[in-house]
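Colleague: Need the 3D shape of this:
(chains A and B)
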Protein chains: 2
Amino acid sequence: MKDIAIKFKNYLIINMKIIIVGATGTMGRHLATAFEKEHEIVRVASGGGDIQTDITSLESIENLFEQTGPFDALVSTAGPSYVGPWKKMTDKEFRKGIEGKLMGQVNLVLIGQRYIKPKGSFTLIAGALTIDPQLNFSNAAAANGAIEAFVRAAAIELEDGIRINAVSPTVIEDSPQYFPYFPGEVPVTMKQLEYGFRKSVFGANTGQVIRPY
Amino acid sequence: MKDIAIKFKNYLIINMKIIIVGATGTMGRHLATAFEKEHEIVRVASGGGDIQTDITSLESIENLFEQTGPFDALVSTAGPSYVGPWKKMTDKEFRKGIEGKLMGQVNLVLIGQRYIKPKGSFTLIAGALTIDPQLNFSNAAAANGAIEAFVRAAAIELEDGIRINAVSPTVIEDSPQYFPYFPGEVPVTMKQLEYGFRKSVFGANTGQVIRPY
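Modeller: Next up, the predicted model:
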């Protein structure tokens, strides 16, 4: 066993440059800590982190990649959307998820593809609301559905071996404040979530929606 | 058999007021012709039809419903999106489907729910690109995915028995100009498409994505 472990070790990709967008959030912090042991992590957030980026601004996204230069993987856990009563939802509220979780992430890919290295990967965040809706979350549901369809479509367009997947968890173990809004959903553990992202970043699959539960 | 047909006839809903948005398009024309035998049809289109509406304008949508007044069903076949090479896609092109097929249809629901009658229904248009992507159509894929998730989410929010579904066809029989872009997809016939919409408008289901193939 030891010999095999040594033999295959050379095939592992280590010391990748991984951009984590949303790095100060619950998911982003966990992933940064988990991946930094073997990889170079660039922490990106709207406030804090290594680089401050507003993903609703094309200029800010362009500026992000100007600073990072070529990279191996981009992981996005940045999903602002409107959470609140349907009765109060108008176009204005709905735009929060459209500009944030949807177009923010789409533009990270459309712009980032000019900076990513061949065989690099994008991993976006979606969520189980795509298929299991909950009250107050129709905006996130729509954004998630768009992201899941987008990664399937982008996977057949991206060239140079560049891959793209989405991780689509239920409510997150370390965000108990959301539990009451997700009755009947078994929270995904931080480890399950991490392994979902590992599958996308360090695996070879593309166009997949990874449901880590 | 004849007695049964007569007996149940009284249970059928006839003479509904049905708004068809996109009424001058291939799908909309077919549905208007099919439904007008038994129902009152309001033909809505960006140009032509009974009422001209720009679904990317909140004011125009509001104005539409001011003119129609209360209605029983809204059918949308209006799905503008960007079709073209991935390489040329930027935020600007992607907005076409976001503003049109996605937010246009979402706003028909968010605004229309204030005018629709109890037990009324919304039927939106999505498409098989959600699950079966094709080159050049990533914008439509994202919009479709959003619409499919949105109807599932909106179905548990809408009150007064109001229903919402999406019809999600492959390429359409009467749009042969698209066939070369959908290799391997068996076109849905106009009858299959019509029956998909019938299921939503005249059935009792809600939160469904109807795949008429």
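Colleague: Quick one: mean pLDDT for the longest strand along chain A?
Modeller: For chain A, the strand with the greatest residue count under DSSP state E is strand A:116-125. In this model, strand A:116-125 has an average pLDDT of 98.
Colleague: Neighbouring strands of that strand in the sheet, and parallel or not?
Modeller: Note on strand A:116-125: by DSSP bridges, its sheet partners are strand A:71-76 (parallel), strand A:163-167 (parallel).
Colleague: For the longest one, the averaged confidence score.
Modeller: Per-residue confidence for strand A:71-76 averages out to 98 on the pLDDT scale.
Colleague: neighbouring contacts of the next helix or strand after that strand?
Modeller: Per DSSP states H and E, strand A:71-76 leads on to helix A:91-97 as the next helix or strand towards the C-terminus. Residues outside helix A:91-97 that contact it (Cβ atoms under 8 Å, 6 or more residues apart in numbering or on different chains): A:79-82, A:84, A:139-140, A:142-143, B:58, B:103, B:106-107, B:110. Every residue, glycine included, has its C-beta placed from N, CA and C.
Colleague: of those, closest to residue A:167?
Modeller: Checking those against residue A:167 with Cβ to Cβ, the nearest one is residue A:79 at 10.9 Å.
Colleague: What is the burial count for the closest one?
Modeller: 23 (other Cβ atoms under 10 Å in any protein chain shown).
Colleague: check contacts around it.
Modeller: Here residue A:79 is in contact with A:22, A:97, A:100-101, A:105, A:125, A:127, A:140, A:143 (criterion: Cβ under 8 Å, 6+ apart).
Colleague: Chain A: strands as residue ranges?
Modeller: A:17-21, A:40-45, A:51-52, A:71-76, A:116-125, A:163-167, A:209-210.
Colleague: Wait, residue A:124 touches residue A:144, no?
Modeller: No. Residue A:124 lies out of contact with residue A:144 (Cβ atoms under 8 Å); the separation is 9.8 Å.
Colleague: and chain A, which residues reach chain B?
Modeller: Neighbours of chain B within chain A, by Cβ under 8 Å from any Cβ of the partner chain: A:58, A:86, A:89-91, A:94, A:98, A:102-103, A:106-107, A:110, A:129-131, A:133-135, A:137-138, A:141-150, A:152-158, A:207.
Colleague: for residue A:33, what are its contacts?
Modeller: Shown in contact with residue A:33 (Cβ under 8 Å, 6+ apart): no residues.
Colleague: Pull up the gap between it and residue A:23, please.
Modeller: Residue A:33 sits 10 Å away from residue A:23, going by Cβ to Cβ, to the nearest Å.
Colleague: How about residue A:121?
Modeller: 17 Å.
Colleague: who has more neighbours, the two?
Modeller: residue A:121 (26 against 23).
Colleague: Hmm, residue A:164 and the more buried one touching each other?
Modeller: Yes. Residue A:121 is within contact range of residue A:164, at 6.8 Å (criterion: Cβ under 8 Å).
Colleague: Now for the two: what residues contact both?
Modeller: residue A:206.
Colleague: How far off centre is the longest strand of chain A?
Modeller: 11 Å (Cα atoms, centre = their mean, to the nearest Å).
Colleague: Same question for stretch A:102-117.
Modeller: With Cα atoms, centre = their mean, you get 12 Å for stretch A:102-117.
Colleague: got the CA coordinates for that stretch in PDB?
Modeller: In PDB, the C-alpha atoms belonging to stretch A:102-117 read as follows (Å, rounded to 0.1, in the frame of the first residue of the first chain):
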ATOM      1  CA  LEU A 102     -26.700  34.600 -11.300                       C
ATOM      2  CA  MET A 103     -24.900  37.300 -13.400                       C
ATOM      3  CA  GLY A 104     -22.200  37.800 -10.800                       C
ATOM      4  CA  GLN A 105     -21.100  34.100 -11.200                       C
ATOM      5  CA  VAL A 106     -21.700  34.100 -15.000                       C
ATOM      6  CA  ASN A 107     -19.500  37.100 -15.400                       C
ATOM      7  CA  LEU A 108     -16.800  35.500 -13.200                       C
ATOM      8  CA  VAL A 109     -16.700  32.800 -15.900                       C
ATOM      9  CA  LEU A 110     -17.200  34.900 -19.000                       C
ATOM     10  CA  ILE A 111     -14.400  37.200 -18.000                       C
ATOM     11  CA  GLY A 112     -12.300  34.700 -16.000                       C
ATOM     12  CA  GLN A 113     -12.000  32.400 -19.000                       C
ATOM     13  CA  ARG A 114      -9.500  34.900 -20.500                       C
ATOM     14  CA  TYR A 115      -7.200  34.500 -17.500                       C
ATOM     15  CA  ILE A 116      -7.600  30.900 -16.500                       C
ATOM     16  CA  LYS A 117      -4.900  28.400 -17.400                       C
END
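Colleague: May I see the buried residues of it?
Modeller: Buried residues in stretch A:102-117, defined by neighbour count with 16 or more other Cβ atoms under 10 Å in any protein chain shown: A:102-113, A:115-117.
Colleague: And for stretch A:59-70?
Modeller: Neighbour count says stretch A:59-70 has A:60-62, A:64-65, A:68 buried, by 16+ other Cβ under 10 Å.
Colleague: Pick out whichever of those sits closest to chain B.
Modeller: Using Cβ to the nearest Cβ, residue A:61 comes nearest to chain B of the buried residues of stretch A:59-70, at 9.3 Å.
Colleague: Do you know the pLDDT at that closest one?
Modeller: So residue A:61 comes in at 98 (pLDDT).
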